[in-house]
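# Let me see the structure of the following:
(chains A and B)
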Amino acid sequence: MNPASEHITDNVSKGESEKKIWRILSSVNDPEIPVLSVLDLGIVREIKIDDQLVEVVITPTYSGCPAMDFIGMNIRKTLLQNGFEKIKITHRLSPAWTTDRMTKEAKEKLKSYGIAPPAFKTFDISYLQSIPVQCPHCHSMNTSLISEFGSTACKAIYQCDDCREPFDYFKCH
Amino acid sequence: MDINYKNDLLGYTLLLADSSLIMGHRLSEWTGHGPMLEQDIAISNIALDLVGQARNFYQYATQISSSTSEKEITEDDLAYLRDANEFKNLLITELPNGDWAKTIGKVLFFSTWQFYLYQKLIYAPDKQIAAIAEKSLKEVTYHVKWSSEWVIRLGDGTQESKMRIEKAISELWPYTGEMFVPAAFESSLQNTFSIDFTSIKEDWNSKIKRVLEEATIEFPSEKIWMHQGGKVGKHTEHLGFILAEMQFMQRAYPGLEW
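This next block holds a predicted model:
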């Protein structure tokens, strides 16, 4: 069951290990939006390797996001399964996470999953005015906000005024 | 770290932590009781943001105090094992939710205070306070928007809703002055930070004025008597009841973890 433990000895294998860890992390998904990996979301800030210790620095999306502890646990579990033994998960707040950290592919994946991706770059107070959000189902721009707060901290609820389907919108943050 | 500075910083961090926690805990009482599903979800989300912000401040408070204290203090100790007179939250946060209008009024007054305060704290020389403020600000911005819209909807709504929100605003108003009267630890920290926390009063006033105007509600007199004491541990009778409920598990089963 257990793969051979990863021994990190010199600089070359340190670089290799880091690359390998990034690859492994691309398979760790967000528990609330399973179509996105932690890398798609831009939650992983840095990977530090010191001797045998692997430190993964993650950044919370929302202060109260209950998924963060779960995500930390999943990262630890996945790295353990891949033979890394000493793992430390560190939270870093600054600079604050923003939806700009989401990759373009992530936004595409969200859309095909039925969640409208953030409509603009970078959070701006002016975005709190009503903004045009595209329906992920019929692509109409004729939509209206139902509630600023949705099923998770990062989403708002919209409804399409053409196809009438309600949908989640991933807020600019 | 200079001992006086440390005490001021710890006091101030706890003021921010306790205010967010008690506000968040109060709002969470609406979970499952909201007037409609979307608003139940909205207010629960706001509560979650606030409890999350409180955790960040408590975690920082444990770091500040661990440098001198012999016993290691955890965030759970701070939230669940301190008594009412050690809590530094603003009094407005511990007031009962009342009806929907009163809760909305509380969220508007409190989140507008956070909104302008965090914009100042982003420039604090203390990097962790600045980081938590930066992280929280975007969340708070949504709370301000949501509560402003509700105050306007109720004020400019039916006769019943207008009556209720006017009553709420006038009952809450005497608890708003405390936000802008610095406690001793706050005054000395303001000097060290070179940030005037109380200068946000003007911004707060003009934002509230704009919202109330749109809601067709009269702006209350600023010259009335204002309650204070929360920042130095002198609370209303309501705090004890919140703590009794919130702290029960940790006190009955010490060291309990989820």
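# Which positions in chain A make contact with chain B?
Where proximity means C-beta under 8 Å from any C-beta of the partner chain, the interface of chain A facing chain B comprises A:60, A:62-66, A:93-97, A:123, A:125, A:128, A:146-151, A:153, A:157, A:171, A:173. To be clear about C-beta, it is placed using only N, CA and C from the backbone, and glycine gets the same treatment.
# Need the buried ones from these selected in ChimeraX.
This is the ChimeraX syntax for the buried subset of these, where burial follows 16 or more other C-beta atoms under 10 Å in any protein chain shown:
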select /A:60,62,63,64,65,93,96,97,123,128,147,148,149,150,153,157,171,173
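# quick one: pLDDT of the closest residue to chain A within the stretch 101-250 of chain B?
Using C-beta to the nearest C-beta, the closest approach of the stretch 101-250 of chain B to chain A is made by B:A131 at 3.5 Å. For B:A131, the model assigns a pLDDT of 95.
# Mind checking what helix or strand follows the strand or helix carrying B:F110 in sequence?
Element membership for B:F110 (DSSP states H and E) is helix B:100-121. Moving toward the C-terminus from helix B:100-121, the next helix or strand (DSSP H and E) is helix B:127-155.
# how about that following helix: buried residues?
B:128-152, B:154-155.
# chain center to that helix, what's the gap?
Offset of helix B:127-155 from its chain centre (C-alpha atoms, centre = their mean, to the nearest Å): 11 Å.
# can you check stretch A:162-173 too?
For stretch A:162-173 - counting by C-alpha atoms, centre = their mean - the centre lies 19 Å from the chain centre.
# Let's see it as PDB, backbone CA atoms only.
Backbone C-alpha positions of stretch A:162-173 (Å, rounded to 0.1, in the frame of the first residue of the first chain) are rendered in PDB as follows:
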ATOM      1  CA  ASP A 162     -34.600  34.500 -20.200                       C
ATOM      2  CA  CYS A 163     -34.400  30.800 -19.400                       C
ATOM      3  CA  ARG A 164     -35.700  31.400 -15.900                       C
ATOM      4  CA  GLU A 165     -33.100  29.100 -14.300                       C
ATOM      5  CA  PRO A 166     -31.600  30.200 -11.000                       C
ATOM      6  CA  PHE A 167     -27.800  29.900 -10.800                       C
ATOM      7  CA  ASP A 168     -24.800  30.500  -8.500                       C
ATOM      8  CA  TYR A 169     -22.400  33.400  -9.200                       C
ATOM      9  CA  PHE A 170     -18.900  33.300  -7.900                       C
ATOM     10  CA  LYS A 171     -18.500  36.800  -6.500                       C
ATOM     11  CA  CYS A 172     -15.600  39.200  -7.300                       C
ATOM     12  CA  HIS A 173     -13.500  39.200  -4.300                       C
END
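# Other residues contacting it?
A:61-62, A:97-99, A:110, A:114-124, A:127, A:131, A:133, A:135-138, A:140, A:142, A:146, A:148, A:150-151, A:154-160, B:138, B:142 (C-beta atoms under 8 Å, 6 or more residues apart in numbering or on different chains).
# ditto for stretch A:36-50
Contact with stretch A:36-50 is made by A:8, A:14, A:17-18, A:21-22, A:25-30, A:33, A:54-61, A:71, A:75, A:92, A:97, A:100-103, A:105-106, A:109-110, as judged by C-beta under 8 Å, 6+ apart.
# measure it end to end?
29 Å (C-alpha to C-alpha, to the nearest Å).
# again with stretch B:230-237
End-to-end for stretch B:230-237, by C-alpha to C-alpha: 11 Å.
# give the contact list for residue 35.
Reading this off chain A. Contacts of A:V35 (C-beta under 8 Å, 6+ apart): A:N29, A:K109, A:L110, A:S112, A:Y113.
# Sorry, I should have been clearer: chain B.
B:W100.
# To which secondary structure element type does it belong?
coil (DSSP: H, G, I helix; E, B strand; the rest coil).
# what's it sitting at in phi/psi?
Main-chain dihedrals, B:P35, degrees, to the nearest 10: phi -70, psi -20.
# Please tell me the pLDDT value assigned to it.
89.
# Just give me the neighbour total for the closest residue to chain A within the stretch 151-258 of chain B.
Going by C-beta to the nearest C-beta, chain A is nearest to B:W258 of the stretch 151-258 of chain B, at 9.5 Å. Other residues near B:W258 come to 4 when the count uses other C-beta atoms under 10 Å in any protein chain shown.
# One more: B:S66?
Using other C-beta under 10 Å as the criterion, B:S66 is surrounded by 13 other residues.
# got it, and A:D51?
The number of residues near A:D51, taken as other C-beta under 10 Å, comes to 9.
# quick one: the spatially most central residue of chain A from chain B, how far?
Residue closest to the average C-alpha location in chain A (C-alpha atoms, centre = their mean): A:L41, at 2.4 Å. Separation of A:L41 from chain B (C-beta to the nearest C-beta, to the nearest Å): 16 Å.
# quick one: low-confidence parts of the chain?
This is for chain A. For chain A, the stretches with pLDDT under 70 are A:1-4, A:8-12, A:121-130.
# not what I meant, chain B
In chain B, residues with pLDDT under 70: B:68-69.
# Show me which residues of it sit near chain A.
B:24, B:38-39, B:41-42, B:45-46, B:48-53, B:55-56, B:127-128, B:130-132, B:134-139, B:141-142, B:145-146.
# Name the nearest residue to the closest residue to chain A within chain B, ignoring sequence neighbours.
In chain B, the residue that lies nearest chain A is B:G52 (2.5 Å; C-beta to the nearest C-beta). Nearest non-adjacent residue to B:G52, counting by C-beta to C-beta, 6 or more residues apart in numbering or on different chains: A:G64, 2.5 Å away.
# again with B:N7
With C-beta to C-beta, 6+ apart, the residue lying closest to B:N7 is B:F185, at 6.7 Å.
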